[in-house]
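Asker: Okay, sequence plus prediction incoming.
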Amino acid sequence: MKIRIDSMGRSQMKRAGAFLIAAALVIGMVGCALTYYDLEVSSTSGGSVTIPGEGVFEYHHCEEVILVATPDDGYRFVNWTGDVQEVVDVNSASTTIPSMLAPYSITANFEPLPPAEVSLTVSSTAGGSVTVPGEGVFTYDEGTEVGLVATPDSGHYFAGWSGDVGTVHDVNSPSTTIVMEESYSITANFEEIPDGQYALTVSSTAGGSVIVPGEGVFLYDAGTKVSLVANPASGHYFTGWTGNVGTVDNVNSPSTTITMEASYSITANFEQMPDGQYALTVSSTAGGSVTVPGEGVFTYDAGTEVGLVATADSGYYFTGWTGNVGTVADVGAPSTTIVMEASYSITANFDEIPEGQVALTASSTAGGSVTVPGEGVFTYEEGTEVDLVATPESGYYFAGWTGNVGTVENVNSPSTTIVMDASYSITGNFEEIPEDQVALTVSSTAGGSVTTPGEGVFFYDAGTEVSLVATPHSCHRFLGWSGDVDTVANVDSRSTTITMDDSYSITANFNPGPPDPAGPPSPTVGFTVYPVNLWAVMAPWIALFAAILVGAGLLMRGRRRAQG
């Protein structure tokens, strides 16, 4: 069966088809207008996305998005990464996403620009050459630090770098560096050393400088002894002299000397201080050394108390610490301490003992001092007997002499003597008195001892009455008590008491002589009777009387014979 469609029907169908197509277009446009997608934009370091910016942006379905990435100075754009399937050109800093068909996340990537190459032209004047990096033209990446070494010929000295020296670390040093920030041309200059003289070339590393004689080249007569002083910058410390240091007196000391026996080049070296620490630079003059902690540079935590011991060579004596000695406990003592409140440089000084003499070095611990002969170094004729007096501060007591005490008469007595048979170093020691107590220091001279309470230091409650008994040796007698004797009951009696109203120091004194009387003298009318040895007194008289009797008997017998 066939269906016929007339011309009117065909016309109606065309109108219906056009309507459907228009309706579909309208529905599609409405659908696009009602759909949104998120675009998340970010960048790596070295630049940023300037269009549309960085973050999260919302776009209509099918909307076109413009992308622009801008590098920072010194960087370049590399590419876009992420959801880049709709990005027109991932390698272009300026591109588009023609149509947002889904949510996307993209990143703009940047990288540093490759360094540019620069050139260094190196030359020298007559009298030497540049051995590092050599002479000629050398190319480097921009920013490279290049080592420079200028070596003078015999009879010449390095006189400095010239040319484009703005980034040369030390223009006066034959061994230094240059930073290649652009193309440079430099020249090493040399000059002839005058007859009879030598050249000293002085330089330093970063972190300090040489302030004496300065930095550069200095000419001296042969044999001249030249002072050297290296000064570290804040936060740095001196680590030693390097180079031609064969005649440097002490390579570890920032303050030393060099003897000009030839032309030399030396460098003062410095290093940065570790956080929270300080440096102690220790050195010594001729005639001794620092044995604790040694010589050189030592680092310590802030506030550390460091022991110091200076030991004199034979024929020398210690004369004191010099330098940064503000926190040294006793600058005159060869054995002392230093508190590290900053970076310090100290020197132990020694001097030669005059011929025929010996040295006594006296010092003390905290809590008192040696008042006779004082503290420090004293020289005497060999064999001299020297008085020693140690005086404690309030709240302290004398705890004895230490050191070379072989000829100290009484190491426990704060008032004693030492015989100077050689050079000696001694220390008066003090300790704190226990709380709520007082100290009695007891000693004696030669010829006896204190048997009660003994000799040394004794502690008592305030107000205690303490028995004292002094016992003389054979052929010696007790002379009396001396020192803090205000509360001694009888200073002339070897058996007495002392009342401890305070801390006291007393001495029992003895002298050669006949023994003490058995007791105190007995008063009589007109004279004093002392106990004596009766037989020792009468024996001569009995012998004389017997001789007289014998003589008289012989005389009478002779007369009788004559009469008969």
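Answerer: Now that the structure is in, tell me what you want to look at.
Asker: Tell me the buried residues in the helix or strand residue 379 falls within?
Answerer: Per DSSP states H and E, residue 379 falls inside strand 376-381. The neighbour-count check on strand 376-381 (16 or more other CB atoms under 10 Å) flags 376, 377, 378, 379, 380 as buried. No exception for glycine: its C-beta is placed from N, CA and C like everyone else's.
Asker: Adjacent strands (with direction) for that strand?
Answerer: Strand 376-381 has the following sheet partners, assigned by DSSP bridges: strand 357-364 (antiparallel).
Asker: how long is stretch 327-344 from one end to the other?
Answerer: 10 Å (CA to CA, to the nearest Å).
Asker: Can you tell me the element the residue nearest the centre of the chain falls in?
Answerer: Centroid-nearest residue in the chain, with CA atoms, centre = their mean: residue 280, separated by 2.1 Å. Using DSSP H and E, residue 280 sits in strand 277-284.
Asker: Looking at that strand now, give me its mean pLDDT.
Answerer: Here strand 277-284 scores 92 as its mean pLDDT.
Asker: Stretch 460-473 now?
Answerer: Across stretch 460-473, the average pLDDT comes to 96.
Asker: Same question for stretch 303-318.
Answerer: Stretch 303-318 comes out with an average pLDDT of 94.
Asker: For the strand holding residue 280, output the C-alpha coordinates as CSV.
Answerer: The C-alpha trace of strand 277-284 is given here as CSV (Å, rounded to 0.1, in the frame of the first residue of the first chain):
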residue,chain,number,x,y,z
GLN,A,277,80.6,28.9,71.9
TYR,A,278,83.7,31.1,72.4
ALA,A,279,87.3,30.6,71.5
LEU,A,280,90.3,30.7,73.8
THR,A,281,93.6,31.4,72.1
VAL,A,282,96.6,30.4,74.4
SER,A,283,100.2,31.1,73.8
SER,A,284,103.4,31.7,75.7
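Asker: Go through it and flag the buried ones.
Answerer: By neighbour count on 16+ other CB under 10 Å, the buried set for strand 277-284 is 278, 279, 280, 281, 282, 283, 284.
Asker: confidence score at residue 541?
Answerer: 66.
Asker: cool, the one 5 residues further on as well?
Answerer: Per-residue confidence (pLDDT) for residue 546: 69.
Asker: what does residue 256 give?
Answerer: Residue 256 is assigned a predicted lDDT (pLDDT) of 92.
Asker: residues touching it, list them.
Answerer: By CB atoms under 8 Å, 6 or more residues apart in numbering, the contact set of residue 256 is 227, 228, 241, 248, 249, 250, 283.
Asker: With distance to residue 119 as new columns, can those be given to me in a markdown table?
Answerer: What follows is the contacts of residue 256, written out as a markdown table (distance: CB to CB, whole Å):
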| residue | distance to residue 119 |
| --- | --- |
| 227 | 42 |
| 228 | 38 |
| 241 | 35 |
| 248 | 39 |
| 249 | 44 |
| 250 | 44 |
| 283 | 46 |
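Asker: Please narrow these to those residing in helices.
Answerer: Judged by DSSP state H, the subset of the contacts of residue 256 located in helices is empty.
Asker: Would you map the strands across the stretch 301-450 of the chain?
Answerer: With DSSP state E, counting those that start in this stretch as the criterion, the stretch 301-450 of the chain has strands at 305-312, 316-323, 335-339, 344-352, 357-364, 368-372, 376-381, 385-392, 396-403, 415-419, 424-432, 437-444, 448-452.
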